[in-house]
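K.L.:
mind folding the following:
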Amino acid sequence: MYTIRPDKPVNPVLLEILATVQAITKKLGCDYLLVGATARDMLMTHVFGLDARRATHDVDFAIALESWDQFQALKTALVNR
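P.N.:
Residues are numbered from 1 along each chain as shown. Okay, the predicted model is just below:
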């Protein structure tokens, strides 16, 4: 198992985003996966200590949903948050 290096802490804003997505997807009973450059940076920078340069600061997720109703519930919960 990998852990976050104490000398390379994760940005508190990113932690809040991750916690929010975790809480909402758990409540809705769906799985999610952090993807894209943020996922790469979590490993490269915060686990292995390698500096990574980014042109953007967006956070991308893949979320497994069972229906359009579940999509609407997810969308509403995220917007309301």
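
K.L.:
surely Ala64 touches Tyr32?
P.N.:
Yes. Between Ala64 and Tyr32 a contact is recorded at 7.4 Å, counting by C-beta atoms under 8 Å. Bear in mind the C-beta positions are built from the backbone N, C-alpha and C, glycine included.

K.L.:
so which of these two has more stuff around it?
P.N.:
Tyr32 (18 against 10; other C-beta atoms under 10 Å).

K.L.:
tell me the mean pLDDT over the strand or helix carrying Gln70?
P.N.:
In the assignment (DSSP states H and E), Gln70 maps to helix 68-80. The predicted model gives helix 68-80 an average pLDDT of 97.

K.L.:
buried sites along it?
P.N.:
The neighbour-count check on helix 68-80 (16 or more other C-beta atoms under 10 Å) flags Ala73, Leu74, Ala77 as buried.

K.L.:
return the list of helices and strands in contact with it.
P.N.:
helix 12-28 (3 or more C-beta pairs under 8 Å, 6 or more residues apart in numbering; DSSP states H and E).

K.L.:
ok and the helix it packs on relative to helix 68-80, angle-wise?
P.N.:
With axes from the mean of the first three to the mean of the last three C-alpha atoms, to 10 degrees applied, the angle from helix 12-28 to helix 68-80 works out at 150 degrees.

K.L.:
against which helices or strands is helix 12-28 packed?
P.N.:
Where contact means 3+ C-beta pairs under 8 Å, 6+ apart, helix 12-28 is packed against strand 31-35, helix 68-80.

K.L.:
many thanks, we can stop here.
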